[in-house]
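**Student:** Any chance you could fold what I've pasted below:
(one chain, ligands or ions: 2)
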Amino acid sequence: MAKTKTVYVCSECGADSPKWVGKCPNCGEWNTYVEEFVAKETAQKRGVPGFGDERQKSRPMLLKEIASEEEERIDMKNGELNRVLGGGLVKGSLVLIGGEPGIGKSTLVLQTVLGLEGLKTLYVSGEESGRQLKLRADRLPYDNPACHILCETNLEQIFVQARNIEPDLVIIDSIQTIYTEMIESSPGSVSQVRECAAAILKYAKESGVPVLLIGHITKEGHIAGPKVLEHIVDTVLQFEGDQHYMYRILRSIKNRFGSTAEAGIYEMRQNGLREVTNPSELLLTQSHEGLSGVAIAAAIEGVRPFLIETQALVSSAVYGTPQRSSTGFDLRRMNMLLAVLEKRAGFKLVQKDVFLNIAGGLKVNDPAIDLAVISAILSSSLDISIETGTCMAGEVGLSGEIRPVNRIEQRILEAEKLGFNRILIPHNNLKGFDHSKCTIQLVQVKKVEEAFRQLFG
Ligand code: TYD
Ligand code: MG
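**Tutor:** Residues are numbered from 1 along each chain as shown. Ligands and ions are numbered 1, 2, ... in the order given. Predicted structure coming up:
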């Protein structure tokens with residue numbers, strides 16, 4: 001057996017050093033060095049041999065000599081996933097799907113491969129046994145007879161099987177459970193993850209077979225393992241949502257073959273994930289007539305507009321320090337909005353507990369929901385409900401001004417389509433949008449005070 005030695009590896013960027021250091025000289029992060037054992041040879045011979053491992057000599061080419069072909073894509077038979085990937089899975093690409101445990105990563109991927117009839121797939125599971133996968137597959141209403149399951153964690157073995165089967169698509173669930181014999185550290189460690197991902201990338205590029213990697217995330221919400229993992233792969237998708245709710249959002253964080261503005265929405269059901277093609281249904285299921293503390297925001301997720309309910313509860317603080325809690329909305333941003341409310345609307349919120357919730361357990365990043373959030377809080381505080389049929393979109397600035405938002409016409413049209421009769425929008429946001437055909441009443445507001453006057457009289 002090869003003699004081992006110890007190195008210290010930065011868990012952020014993957015840089016290594018023979019000694020422990022407090023601050024990484026490469027990325028500047030503090031306290032990120034962890035001890036790892038590596039085999040002697042690998043220290044000199046970097047990288048794990050990949051698929052075939054022929055060393056191809058490359059030579060420089062003129063840019064104009066390089067043919068600009070459209071990438072060949074595999075239709076994933078799943079509209080939301082196709083959209084997030086930028087129109088299908090590019091052949092030879094490496095895609096990483098990250099998300100919290102239990103959110104449904106394995107379900108999403110298994111369901112997708114089972115739906116790809118006629119495509120030979122290899123699903124490598126390092127986390128579940130064949131029986132467990134079978135039980136899961138039995139719940140799903142799909143069947144792909146050419147789906148091979150391999151319960152293996154050794155990378156070299158996986159490559160051997162991939163060479164035997166010659167699949168059209170490989171799934172690795174998850175990258176943190178896979179290890180290569182070339183390195184002695186345990187699976188999931190920085191160097192294992194880095195080397196395995198690099199070898200898999202090489203396999204994908206050389207064979208043209210796309211590979212989907214599933215990745216764990218840390219408690220801070222980052223993908224576990226070195227940051228280099230995200231640099232190595234072509235596409236990083238994040239599967240998020242609240243486990244206690246049914247809805248899930250698949251976001252693209254990085255995509256070499258498409259836009260990162262896309263997002264897919266799913267609903268977790270008894271028989272797998274259902275694509276949500278009309279996101280406004282999240283809202284439409286409930287009636288909230290006459291309820292205070294509810295405001296409807298015309299939001300955009302990815303490039304699609306949808307209406308979402310924001311709910312707030314303001315009550316007298318029992319303890320000295322008032323409680324602030326928010327689900328699906330950035331707490332710091334909510335505190336900022338509370339400060340604006342205090343300053344602009346003269347409401348003493350210091351003695352009040354404030355709870356905020358975005359319906360469906362979704363995390364919405366769109367700043368245009370600010371206006372709905374601040375209105376919901378005020379509505380709860382005043383105990384006056386906002387008229388049904390009214391929705392709003394607008395970012396709130398520090399001085400209480402309502403700032404323009406993107407894609408306003410899409411928001412307006414969506415609100416109109418769903419039967420709303422009034423929408424509050426930022427002043428001067430319409431720029432060239434011909435709204436003469438709109439039946440919905442457009443109320444342009446400059447400041448939060450104006451919006452409050454419109455809503456609460
Ligand atoms: P899973 O896909 O195992 O999550 P991950 O791989 O991200 O850890 O998550 C599955 C969760 O979803 C589990 O708690 C059970 C639930 N589930 C359903 O609600 N319906 C289904 O059809 C399936 C297969 C799972
Ligand atoms: Mg899983």
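
**Student:** Near ligand 1, which residues of the stretch 251-400 of the chain are found?
**Tutor:** 268-272 (CB under 6 Å from any ligand atom). For glycine as for every other residue, the C-beta is placed from the backbone atoms N, C-alpha and C.

**Student:** Could you report the distance from A199 to ligand 1?
**Tutor:** Relative to ligand 1, A199 is positioned 23 Å away (criterion: CB to the nearest ligand atom, to the nearest Å).

**Student:** how about the longest strand anywhere in the chain: buried residues?
**Tutor:** Longest strand of the chain, by residue count under DSSP state E: strand 304-316. Residues 304-314 are the ones in strand 304-316 that count as buried (16 or more other CB atoms under 10 Å).

**Student:** And this protein, split by domain according to the record?
**Tutor:** Structural domains assigned to the chain are 1-40, 74-275, 281-456, following automatic domain parsing.

**Student:** mind listing the helices for the stretch 251-400 of the chain?
**Tutor:** 281-284, 331-345, 370-382 (DSSP state H, counting those that start in this stretch).

**Student:** where in this protein is pLDDT low?
**Tutor:** The model of the chain has pLDDT under 70 over residues 1-4, 39-57, 282-286.

**Student:** Kindly recompute the last result at 50.
**Tutor:** 42-45 (pLDDT under 50).

**Student:** Of the helices of the stretch 251-400 of the chain, flag the one that's most buried.
**Tutor:** helix 370-382 (a mean of 26; mean count of other CB atoms under 10 Å).

**Student:** what helices or strands is that helix leaning on?
**Tutor:** If contacts are counted by 3 or more CB pairs under 8 Å, 6 or more residues apart in numbering; DSSP states H and E, helix 370-382 sits against strand 294-301, strand 304-316, helix 331-345, strand 352-358, strand 390-392, strand 395-396, helix 448-456.

**Student:** how about CSV for these, with distance to I149 added?
**Tutor:** Converted to CSV, these look like this (distance: least, CB to CB, whole Å):
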stretch, distance to I149
strand 294-301, 34
strand 304-316, 35
helix 331-345, 42
strand 352-358, 38
strand 390-392, 47
strand 395-396, 48
helix 448-456, 55
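
**Student:** Next, count neighbours for the residue of the stretch 201-350 of the chain found nearest ligand 1.
**Tutor:** Nearest residue of the stretch 201-350 of the chain to ligand 1: G272, at 4.3 Å (CB to the nearest ligand atom). Counted with other CB atoms under 10 Å, the neighbours of G272 add up to 22.

**Student:** A137 is in contact with that one, correct?
**Tutor:** No - using CB atoms under 8 Å, G272 makes no contact with A137, being 9.6 Å away.

**Student:** Now the buried members of the residues of the stretch 251-400 of the chain next to ligand 1.
**Tutor:** Going by neighbour count (16+ other CB under 10 Å), these have 268, 272 buried.

**Student:** Tell me the spacing between L96 and ligand 1.
**Tutor:** 13 Å.

**Student:** what pairs with that residue across the strands?
**Tutor:** Beta-bridge pairing of L96, defined through DSSP bridges, involves L213, V236.

**Student:** Spit out the contact partners of it.
**Tutor:** Applying CB atoms under 8 Å, 6 or more residues apart in numbering to L96 gives the contacts 175, 213-215, 223, 229-230, 233, 235-237.

**Student:** Kindly report the same for N255.
**Tutor:** N255 touches 85-86, 234-236, counting by CB under 8 Å, 6+ apart.

**Student:** Skipping its backbone neighbours, what lies nearest L341 in space?
**Tutor:** F347 (5.5 Å; CB to CB, 6 or more residues apart in numbering).

**Student:** unless I'm mixing things up, that neighbour is touching I374, no?
**Tutor:** No - in this structure, F347 is not within contact of I374 by CB under 8 Å, at 10.5 Å.

**Student:** List the residues that are in contact with both of these two.
**Tutor:** L341.

**Student:** Distance from the regular element (helix or strand) spanning V160 to the middle of the chain?
**Tutor:** Secondary structure assigned from DSSP states H and E places V160 in helix 155-165. Relative to the centre of its chain, helix 155-165 is centred 30 Å away, using CA atoms, centre = their mean, to the nearest Å.

**Student:** what's that helix packed up against?
**Tutor:** Counting by 3+ CB pairs under 8 Å, 6+ apart, helix 155-165 packs on strand 121-125, strand 147-150, helix 190-207.

**Student:** Partner strands of the shortest one and their direction?
**Tutor:** With DSSP bridges as the criterion, the sheet partners recorded for strand 147-150 are strand 121-125 (parallel).

**Student:** and the strand it pairs with with helix 155-165, angle?
**Tutor:** 160 degrees (axes from the mean of the first three to the mean of the last three CA atoms, to 10 degrees).

**Student:** How about residues contacting the helix or strand following strand 121-125?
**Tutor:** Using DSSP H and E, the helix or strand that follows strand 121-125 in sequence is helix 130-139. Contacts to helix 130-139, defined as CB under 8 Å, 6+ apart, come from residues 106-107, 110, 114, 123, 125, 128, 149, 151, 270-272.

**Student:** Off-centre distance for helix 130-139?
**Tutor:** 26 Å.

**Student:** what does stretch 18-33 give?
**Tutor:** Centre to centre, stretch against its chain (CA atoms, centre = their mean), the figure for stretch 18-33 is 29 Å.

**Student:** Buried residues in that stretch, which are they?
**Tutor:** For stretch 18-33, by 16+ other CB under 10 Å, it's 24, 32-33.

**Student:** Repeat that for stretch 288-307.
**Tutor:** 288, 292-302, 304-307.

**Student:** how close does M268 sit to T388?
**Tutor:** 29 Å (CB to CB, to the nearest Å).

**Student:** just D366 next, same as before
**Tutor:** 22 Å.

**Student:** List the contacts of G208.
**Tutor:** G208 sits in contact with 91-92, where contact means CB under 8 Å, 6+ apart.

**Student:** I165 now?
**Tutor:** 120, 122, 148.

**Student:** restrict these to those near ligand 1?
**Tutor:** Among the contacts of I165, no residue sits close to ligand 1 (CB under 6 Å from any ligand atom).

**Student:** from these, which single one is nearest ligand 1?
**Tutor:** The closest of the contacts of I165, once distances to ligand 1 are taken by CB to the nearest ligand atom, is L122, at 17.6 Å.

**Student:** Skip the chain neighbours and tell me the closest residue to that closest one.
**Tutor:** L122 sits nearest to P167 (CB to CB, 6+ apart), 4.0 Å away.

**Student:** Tell me the secondary structure at that neighbour.
**Tutor:** coil (DSSP: H, G, I helix; E, B strand; the rest coil).

**Student:** Can I get the buried residues of stretch 18-33 in JSON lines including secondary structure and distance to L424?
**Tutor:** Output for the buried residues of stretch 18-33, formatted as JSON lines (DSSP: H, G, I helix; E, B strand; the rest coil; distance: CB to CB, whole Å):
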{"residue": "C24", "secondary structure": "coil", "distance to L424": "48"}
{"residue": "T32", "secondary structure": "coil", "distance to L424": "46"}
{"residue": "Y33", "secondary structure": "strand", "distance to L424": "52"}
